[in-house]
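**Student:** what follows is a predicted structure for the sequence shown.
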Amino acid sequence: MNSQSDNAMASTSFAVSPSDLRVVLVDQLHVQATSFSPFAEMLADYVPGSGPLTDTARQLASDTAFATVAGVLARPDLRLELLVGGGMAPLGSLRVYASKAAGDMLVALAPGDGMWDCRLFETSRSCAEWFAHQTGTNTLEGEPNLLPPPCTLSTLVAAFHTIDAFRRTAYKDMLEFKRTVDPIITPEEFRSSALAAIRSQDIRWLLPSLLVLSPSVVESIGTMGNDGLEQAVQRGFLIGTKRAGGTDTVLLFGEAGSRMGAEFLRSWVSSCGYSMDVVGPTGPRTLQRGYIASTALANHWFRFETKDGVLQVNHQPLSLEQYTQKLGDLLLSATVVERKADAAGAFVKPAPTTPSRPEPQKAAAPAGAAPPKTPKFCPGCGAPVKPGAKFCASCGRAF
């Protein structure tokens with residue numbers, strides 16, 4: 001266990017191994033985790049008293065601050081789930097938990113290399129400041145909103161792909177030692193490359209990062225309208241024109257596409273998909289979800305709302321101070337919602353299914369056969385998974 005205090009952000013952090021966590025939570029602190037807890041699946045198959053009580057585990061059990069952390073994480077009623085990556089940042093995950101029983105305190109939990117990093121915050125403001133400084137950029141307010149609301153998902157996809165297309169053109173020019181003054185792309189090339197980007201899941205590009213970091217958006221892809229390209233033209237991301245001496249339509253980059261394309265080309269730092277969930281009297285539900293992309297000019301905040309079955313997007317370019325305030329407001333928004341940790345219920349591990357009739361014995365796998373593939377991302381929480389891992393280091397889900 002490693003623990004330290006951060007007075008600037010009013011927090012205390014712990015680095016704890018999952019094996020010690022089982023012993024401390026069950027055998028020493030005697031906590032019971034609900035299904036909303038990040039410990040639920042990890043503790044489901046632990047036999048009380050079966051783990052060794054290490055010196056680290058003994059220190060944790062006697063630490064009053066960690067006892068508070070354990071209480072919040074075992075029976076939380078609020079969760080801010082964040083997937084981080086894109087730009088210059090690798091894929092990672094972070095969750096923030098709170099419990100009305102613990103007052104204003106929040107706990108941030110991040111999986112590590114064999115360790116779980118836990119950070120206790122006294123207030124939502126200190127938690128928001130810490131996360132904003134971890135993921136945001138120190139920008140000033142005043143950046144114009146080139147994608148003002150209301151905006152549909154089809155419009156957002158087209159705008160993001162326009163930004164990616166601008167970046168791709170710039171990279172290609174650099175590789176070929178040239179500078180294209182007015183790069184063009186056909187509508188067919190735009191649509192086919194957008195589909196390829198969606199399938200790629202390559203978070204180095206803006207559009208795929210949106211879908212990887214905000215998995216719930218993928219469910220709405222099939223409901224997109226066909227007006228994305230038209231909206232991108234109307235909003236100044238693209239310009240439709242005719243080839244010189246021809247009749248076929250081509251696309252040029254408009255002012256919005258060129259400006260945001262250059263912004264993300266030169267200074268895209270990282271992105272983050274977020275989901276705010278609470279446990280109400282009837283169980284867990286989502287309060288808010290969205291996506292954040294930070295550059296040297298602005299912290300672009302995208303909030304998603306579903307109205308009449310259609311996903312709507314609200315975009316705001318924020319300074320670091322505004323970004324911190326927005327995060328703090330997001331956490332505070334759950335304080336006026338009725339929350340009840342017990343409504344999440346106890347975690348029940350699914351029983352293995354038994355076939356109704358004996359199946360013929362399968363032939364043994366030949367020597368040298370490839371082992372079953374480990375998923376790249378946890379199907380339960382979306383956190384990145386290391387090759388060969390048998391369970392998720394973030395939520396404990398078994399593979």
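**Tutor:** Yep, it's here. Numbers count the residues shown, from 1 in each chain.

**Student:** now the helix or strand containing Met174: mean pLDDT?
**Tutor:** Using DSSP states H and E, the secondary-structure element containing Met174 is helix 153-175. Model confidence over helix 153-175, given as mean pLDDT, is 96.

**Student:** before we move on, what about stretch 243-251?
**Tutor:** pLDDT averaged over stretch 243-251 equals 86, rounded to a whole number.

**Student:** same question for stretch 79-95.
**Tutor:** 94.

**Student:** buried residues, that stretch. List them.
**Tutor:** 79-87, 89, 91-95 (16 or more other CB atoms under 10 Å). C-beta: built from backbone N, CA, C; applies to glycine.

**Student:** does the residue in the chain sticking out farthest from the centre sit in a helix, a strand or a coil?
**Tutor:** Centroid-distance maximum for the chain: Gly245 at 47.8 Å, with CA atoms, centre = their mean. Secondary structure of Gly245, reduced to three states by DSSP: H, G, I helix; E, B strand; the rest coil: coil.

**Student:** now swap in His315 and tell me
**Tutor:** Note that with three-state DSSP, the state of His315 is strand.

**Student:** burial count for it?
**Tutor:** Using other CB atoms under 10 Å, His315 is surrounded by 20 other residues.

**Student:** hmm, it is touching Pro149, no?
**Tutor:** Yes: His315 sits in contact with Pro149 when judged by CB atoms under 8 Å, with a separation of 6.0 Å.

**Student:** grab the most central residue of the chain for me.
**Tutor:** Nearest residue to the geometric centre of the chain (CA atoms, centre = their mean): Leu83, 2.0 Å.

**Student:** and it, that one's in a strand?
**Tutor:** Yes: under three-state DSSP, Leu83 falls within a strand.

**Student:** now do it against Asp329, distance only.
**Tutor:** 21 Å (CB to CB, to the nearest Å).

**Student:** identify the residues contacting Val233.
**Tutor:** Contacts were defined as CB atoms under 8 Å, 6 or more residues apart in numbering; by that measure Val233 touches Ile239, Gly240, Leu251, Gly254.

**Student:** can you confirm Leu120 is in a helix?
**Tutor:** No: according to three-state DSSP, the state of Leu120 is strand, so it is not within a helix.

**Student:** in the sheet, who's paired with it?
**Tutor:** Thr12, Val107 (DSSP bridges).

**Student:** before we move on, the earlier item: identify the bridge partners of the residue nearest to the centre of the chain.
**Tutor:** Going by DSSP bridges, Leu83 is paired in beta bridges with Ser93, Gly273.

**Student:** are any of the contacts of Val233 buried, and which?
**Tutor:** Those of those that meet the buried threshold are Ile239, Leu251, Gly254, by 16+ other CB under 10 Å.

**Student:** correct me, but the second one touches Pro183?
**Tutor:** Think Leu251. No: checked against CB under 8 Å, the pair Leu251 and Pro183 is beyond contact range at 9.4 Å.

**Student:** picking that back up, against which helices or strands is the helix holding Met174 packed?
**Tutor:** Applying 3 or more CB pairs under 8 Å, 6 or more residues apart in numbering; DSSP states H and E, one finds that helix 153-175 makes contact with helix 187-200, helix 206-213, helix 215-221, helix 228-234, strand 249-253, helix 255-267, strand 310-318.

**Student:** so how far is the third one off the chain centroid?
**Tutor:** In other words, helix 215-221. The chain centre lies 13 Å from the centre of helix 215-221; the measure is CA atoms, centre = their mean, to the nearest Å.

**Student:** so which bits of it are buried?
**Tutor:** Of the residues in helix 215-221, Pro215, Ser216, Val217, Ser220 count as buried by neighbour count, 16+ other CB under 10 Å.

**Student:** cool, the fifth one as well?
**Tutor:** Residues of strand 249-253 classed as buried under the neighbour-count rule (16+ other CB under 10 Å) are Val250, Leu251, Phe253.

**Student:** hang on, the earlier thing: just curious, which of the buried residues of helix 215-221 is nearest to Ser258?
**Tutor:** Ser258 lies nearest to Val217 out of the buried residues of helix 215-221, by CB to CB, at 25.6 Å.

**Student:** surely the closest one touches Val313?
**Tutor:** No: under the criterion of CB under 8 Å, Val217 makes no contact with Val313, lying 9.5 Å away.
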